[in-house]
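> My questions are about this predicted structure, shown below with the sequence.
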Amino acid sequence: MAARRVARTHDLAAWDCVGKGRIRRVCFRLHRVECRRIARGPGAVRGLWRETGRRHRAAGTCAMDEAGHQVIYTIGHSNHTIERLIGLLRQHGVSALADVRSAPYSGHWPQFNKEVLASSLAAAGIAYVFLGRELGARREEPSCYENGRVSFQEVLKQPLFQGGIRRLLEGTEKHRVALMCAEKDPLDCHRTVLVCRCLKSMRVEVRHILEDGSTESQEEAEARLVKRLGIEPTLFEQDATREELVKRAYDEQGQAIAYQTNRGEDES
């Protein structure tokens, strides 16, 4: 009962109780391996996930696919009613919402203001944690800004961002987690172009909950982004791989949606 009460608090400390033990060490090692490019073979990483996945699938304590990959969902609150948002989360078995908006308030949709949202989710039995400082698009680190615009590549290097990823993974030991930001389309949001790009590199399975309740994988989102931006090999790079085209699409979209100091306030 005590653990259940802690898990439903509306504070970042809500997940402090769930990352203890081996999963904390595994997640932190994976984060160092992938996001900071420490030299280790991919087989070792896959082995860590398989071992952790088998243990937690058997216990039913977190979302894992059959390959042993951790699963994290995302959702955009858009102009949904709070009932619709909660319905979409329940449809996919989400038990905890991680808010990655830098500014967790909405002038147009007050039902998604931080305190109101947390209370509504608690009444529905869904835990809430605010990770906007760690994983939001608007950064407090001066080194993340280039000519007044946030550089997503720099964000990935920041200890605050890396700590947010670690906390997110720790939370999934006890919960099926969804990231939430404001944008309806995952392609228009940093949750996809920044946060989930990092998670995918760590072999986390990402599933975006769309407006109609269906889901889109990160790979499907990448393909849609490449098509939307018209990314194709140039005359001198006909042998470009899919990964290279996807990287170009990420970089181009990151530039387009990154927070700028001379742009109006938003929730990202």
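In hand now; what should we look at? Numbers count the residues shown, from 1 in each chain.

> Quick one: the strands in the protein, in order.
Under the criterion DSSP state E, the chain carries strands at the ranges 71-76, 96-99, 127-130, 145-146, 149-150, 177-181, 205-209, 215-217.

> can those go into TSV with extra columns for distance to Gly87 and mean pLDDT?
For glycine as for every other residue, the C-beta is placed from the backbone atoms N, C-alpha and C. Converted to TSV, these look like this (distance: least, CB to CB, whole Å; pLDDT from 0 to 100):
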stretch	distance to Gly87	mean pLDDT
strand 71-76	11	98
strand 96-99	13	98
strand 127-130	16	98
strand 145-146	39	96
strand 149-150	33	96
strand 177-181	13	98
strand 205-209	11	98
strand 215-217	15	98
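
> Mind putting these into TSV with mean neighbour count?
Conversion of the strands of the chain to TSV gives the following (neighbours: other CB atoms under 10 Å):
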stretch	mean neighbour count
strand 71-76	24
strand 96-99	26
strand 127-130	22
strand 145-146	14
strand 149-150	20
strand 177-181	27
strand 205-209	23
strand 215-217	16
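
> TSV for those strands, including distance to Cys198?
What follows is the strands of the chain, written out as TSV (distance: least, CB to CB, whole Å):
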stretch	distance to Cys198
strand 71-76	11
strand 96-99	14
strand 127-130	18
strand 145-146	19
strand 149-150	15
strand 177-181	12
strand 205-209	10
strand 215-217	16
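
> Which one of the ones you listed lies nearest to Gln255?
strand 149-150 (7.5 Å; CB to CB).

> right, so of the strands of the chain, which gets closest to Leu156?
strand 149-150 (11.4 Å).

> ok, and what's touching the closest one?
If you take CB atoms under 8 Å, 6 or more residues apart in numbering as the criterion, strand 149-150 is touched by 137-139, 144, 255, 258-261.

> likewise stretch 100-112?
The contact list for stretch 100-112 (CB under 8 Å, 6+ apart) reads 77, 79, 81-82, 85, 113-114, 116-117, 120, 130-133, 135-138, 179-182, 190-191, 195, 259, 265-268.

> Start and end of stretch 107-119, how far apart?
End-to-end distance of stretch 107-119 (CA to CA, to the nearest Å): 18 Å.

> what about the residue nearest to Glu211 when sequence neighbours are not counted, how many residues close to it?
Excluding the flanking residues, the one nearest Glu211 by CB to CB, 6 or more residues apart in numbering is Lys184, at 5.8 Å. Lys184 has 15 neighbours, counted by other CB atoms under 10 Å.

> Tell me which of the strands of the chain lies nearest to Arg224.
Closest of the strands of the chain to Arg224 is strand 215-217, at 7.6 Å (criterion: CB to CB).

> Starting from that closest one, tell me which strands it pairs with and how they run.
strand 205-209 (antiparallel) (DSSP bridges).

> and the strand it pairs with, how far out from the chain's middle?
Between the centre of strand 205-209 and the centre of its chain there are 9 Å (CA atoms, centre = their mean, to the nearest Å).

> got it, and stretch 174-185?
7 Å.

> can you give me the end-to-end distance of that stretch?
28 Å.

> For this protein, name the helix or strand with the lowest mean pLDDT.
Lowest on mean pLDDT, DSSP states H and E among the helices and strands of the chain sits helix 2-7, with a mean of 39.

> Quick check: PyMOL command selecting the buried ones in the contacts of stretch 100-112.
Restricted to buried positions by 16 or more other CB atoms under 10 Å, the PyMOL selection for the contacts of stretch 100-112 reads:
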select buried, resi 77+82+85+114+117+120+130+131+132+133+135+136+137+138+179+180+181+182+190+191+195+259+267+268
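
> Identify those among the contacts of stretch 100-112 that sit within helices.
82, 85, 114, 116-117, 120, 132-133, 135, 190 (DSSP state H).

> picking up where we left off before, which one among the contacts of strand 149-150 gets closest to Lys174?
Ala137 (26.9 Å).
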